[in-house]
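Participant: Fold the stuff below for me.
(2 chains)
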Number of protein chains: 2
Amino acid sequence: MTDRFDHHVLGIGNAIVDVLSLTDDAFLVSEGLAKGSMNLIDTERAEALYAAMGAATEASGGSAGNTVAAIGSLGGQGAFFGKVCDDTLGRFYRHDMRAMGMTFDTAPLPPDATPTARSMILITPDGERTMNTYLGACVELGPDDIDEKIVAGSAIAYFEGYLWDPPMAKDAFRKAADISHAHGRKVSITLSDSFCVDRWRDEFLSLIKDGSVDILLANDAEIKALYQTADLDTALRAIQVDCPLTAVTHSEKGCHVISSDGIVPVPTTPVERLIDTTGAGDMFAAGFLYGHALGLPNEAAAAIGNLAAGEVLGHIGPRPQRNLHQLAQQAGLL
Amino acid sequence: MTDRFDHHVLGIGNAIVDVLSLTDDAFLVSEGLAKGSMNLIDTERAEALYAAMGAATEASGGSAGNTVAAIGSLGGQGAFFGKVCDDTLGRFYRHDMRAMGMTFDTAPLPPDATPTARSMILITPDGERTMNTYLGACVELGPDDIDEKIVAGSAIAYFEGYLWDPPMAKDAFRKAADISHAHGRKVSITLSDSFCVDRWRDEFLSLIKDGSVDILLANDAEIKALYQTADLDTALRAIQVDCPLTAVTHSEKGCHVISSDGIVPVPTTPVERLIDTTGAGDMFAAGFLYGHALGLPNEAAAAIGNLAAGEVLGHIGPRPQRNLHQLAQQAGLL
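Facilitator: Numbers count the residues shown, from 1 in each chain, chains lettered A, B, ... in the order given. Okay, here's the model as predicted:
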């Protein structure tokens, strides 16, 4: 990471506005939802669920989008590729990304086209979030949206696993990953969700094994789903063989950093009050990747990730409300 | 309040979606904004300010709308009259009101008409909010939107002072107040904002003095602005003469309840952490009016108001995130 670059992290993902609502477990049961999952829904289901759910607040979200916004909060340079419609929510989304100082120039769909994606996120009293995503405009993201100059100038190109759900985005991944590697940059993906891993396991495994992925991010459930094992150690040893650098998060227990140097635990400090886990994994990714782009040791990068994740757990919504750079400085991490 | 009624509180006000952003004092200075004020802005100014401000989250707001939503959280029956457009934000607004169990059937403007109102709310590190409101569809609220049956069936009809800003809403007030009194109900208004009082002082004073207002809500600055005095006691003694029942709030010091029985302080418990004052006055109004509709003593009603206000101070956004009925029960207030 010694080459000069324009952006620490380029994120590529589904550009989604979150519609966040506090609920109870009984509502998840009545709607047939598995707690903690991300469910893809169509317009009809979206309308029915919205009519049934409680009052909500709206915030720009999307996994990689959250990560890029957090790169801004950490004081870094970031860019984002994602497809919105030029409608009310799409304009909110663009504003929120640019207001963090991030580059976001993906051409939007015209106003009357498929609307901007939204995810109805149900937050239970334990802080867990269950997501119901209407992909909308995101299905139009494709290779033409990959701006070669931005990819070439980004230390890390970071892709969310959810990107394999819309039809053309994997072609966008292939194009961007090739450009990134051709310029000596690094490619990172997150597995996103254990159900997403179930949908795309073979593709994810072959990308990891063929060297397309330099840095993998996952949580317990996702890494175990990838290797179809109930045993975490088995999964960690497998990914150590398959990928140069991996971070696996374990909620309040922190994370493991896995590389040829070993399988190293990096504990975290439990938060005072857990309100909403939405975005916590995305914040970890931001801290870890930003630290990596700065050339910090893996454990130091993971500690920034843990810190960033902790910030969003204390409030509703997926993006930081406090300045992560200041928090990291106060903690002696930056 | 012994007659049977359908709704404890009917709120009538500007239906506004809040666009909330954390900022610093320097930004207020650079934009020429007086901290704590509500500024009416046009489309052009709205676009310029939005482009300049930071990332935001969106939540249904509007003073009387917040109060009615909180009536629902308190376990009461509420109704709301307010004008939205049938656009994305208008549909969010309607959803959020109905999801609280509240009656909200005001006919929206058609999708391509004047858009739903929004207020860009800038929150400084001291928790104070400075509002910049584009009234949009609200300017179309008029007497035709007053549903006589709902007014007649509401124990209290509650109007925000901001309602005097759009052109026809004061006619709506007059119509609703007459219906309310004809059915033996009570009429309440809030003064909303000291600048709003400056704009409409004579009208507010004459409504209060001619018996149109049974219950007045205000804060320190507003009641002093009403009587153009810098001395709070002078203002409190004046309103005691002019209005049957008044509650004047004093932020972390609680409130005074003013009636022919006296000028009675009702202290409150300071919150653990102050994040955002948006909606605090609206929550006080909800608790006070709900308690009054239940027939509780004034001090007990004010204590519910203090409790409800405290809930929203700890998070971004104007409406309660926890169930106010449960909180009030735990505090022995309901």
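Participant: so A:A280 touches A:N306, yeah?
Facilitator: No. Between A:A280 and A:N306 there is no contact under Cβ atoms under 8 Å: 9.9 Å. In this view, the C-beta of every residue, glycine as well, is placed from N, C-alpha and C.
Participant: So for the two, which sits in the more crowded spot?
Facilitator: Legend: neighbour count by other Cβ atoms under 10 Å in any protein chain shown for A:A280 and A:N306, higher for A:A280 (26 against 23).
Participant: residues touching that one, list them.
Facilitator: Each residue near A:A280 by Cβ atoms under 8 Å, 6 or more residues apart in numbering or on different chains is listed here: A:251, A:309, A:312-313.
Participant: any idea how far A:L274 is from the nearest residue to A:D25 once chain neighbours are set aside?
Facilitator: Leaving out its chain neighbours, the residue that sits closest to A:D25 by Cβ to Cβ, 6 or more residues apart in numbering or on different chains is A:T124, at 5.6 Å. A:T124 sits 11 Å away from A:L274, going by Cβ to Cβ, to the nearest Å.
Participant: cool, and A:K83?
Facilitator: From A:K83 across to A:L274, the span is 33 Å (Cβ to Cβ).
Participant: Helix, strand, or coil at the closest residue to chain B within the stretch 151-300 of chain A?
Facilitator: Closest to chain B within the stretch 151-300 of chain A is A:I275: 8.2 Å, counting by Cβ to the nearest Cβ. Recorded secondary structure, A:I275: coil (DSSP: H, G, I helix; E, B strand; the rest coil).
Participant: For it, grab phi and psi.
Facilitator: Here is the backbone geometry of A:I275 (degrees, to the nearest 10): phi -110, psi -50.
Participant: ok, how many other residues are close to it?
Facilitator: A:I275, neighbours per other Cβ under 10 Å, totals 18.
Participant: Pretty sure it sits against A:V312.
Facilitator: No. In this structure A:I275 lies outside contact range of A:V312 using Cβ under 8 Å: 9.1 Å.
Participant: ok, back up a step: need the max-distance pair from the contacts of A:A280.
Facilitator: Greatest spacing in the contacts of A:A280, by Cβ to Cβ: A:S251 and A:V312 (13.0 Å).
Participant: more crowded one of those two?
Facilitator: More neighbours surround A:V312 than the other of A:S251 and A:V312, with 28 against 18 (other Cβ under 10 Å).
Participant: Double-check that that one belongs to a helix.
Facilitator: Yes. Read with three-state DSSP, A:V312 is one of the residues of a helix.
Participant: contacting residues for it?
Facilitator: By Cβ under 8 Å, 6+ apart, the residues touching A:V312 are A:276, A:278-280, A:283, A:318-321.
Participant: Let's see which of these end up in helices.
Facilitator: Cross-referencing the contacts of A:V312 against helices under DSSP state H gives A:280, A:283.
Participant: quick one: which of A:K83 and A:L274 has more around it?
Facilitator: Each of A:K83 and A:L274 has its neighbours counted (other Cβ under 10 Å); A:K83 has more, 28 against 17.
Participant: Show the backbone phi and psi for A:H7.
Facilitator: Taking degrees, to the nearest 10 as the convention, A:H7 sits at phi -130, psi 140.
Participant: need the contact list for it.
Facilitator: A:H7 makes contact with A:76-79, A:103, A:150, A:153-155, according to Cβ under 8 Å, 6+ apart.
Participant: Pull up the gap between the nearest residue to it once chain neighbours are set aside and A:F81, please.
Facilitator: Nearest non-adjacent residue to A:H7, counting by Cβ to Cβ, 6+ apart: A:S154, 4.2 Å away. Distance, A:S154 to A:F81, by Cβ to Cβ: 10 Å.
Participant: Common neighbours of those two, please.
Facilitator: Common contacts of A:S154 and A:F81, defined by Cβ under 8 Å, 6+ apart, comprise A:L10.
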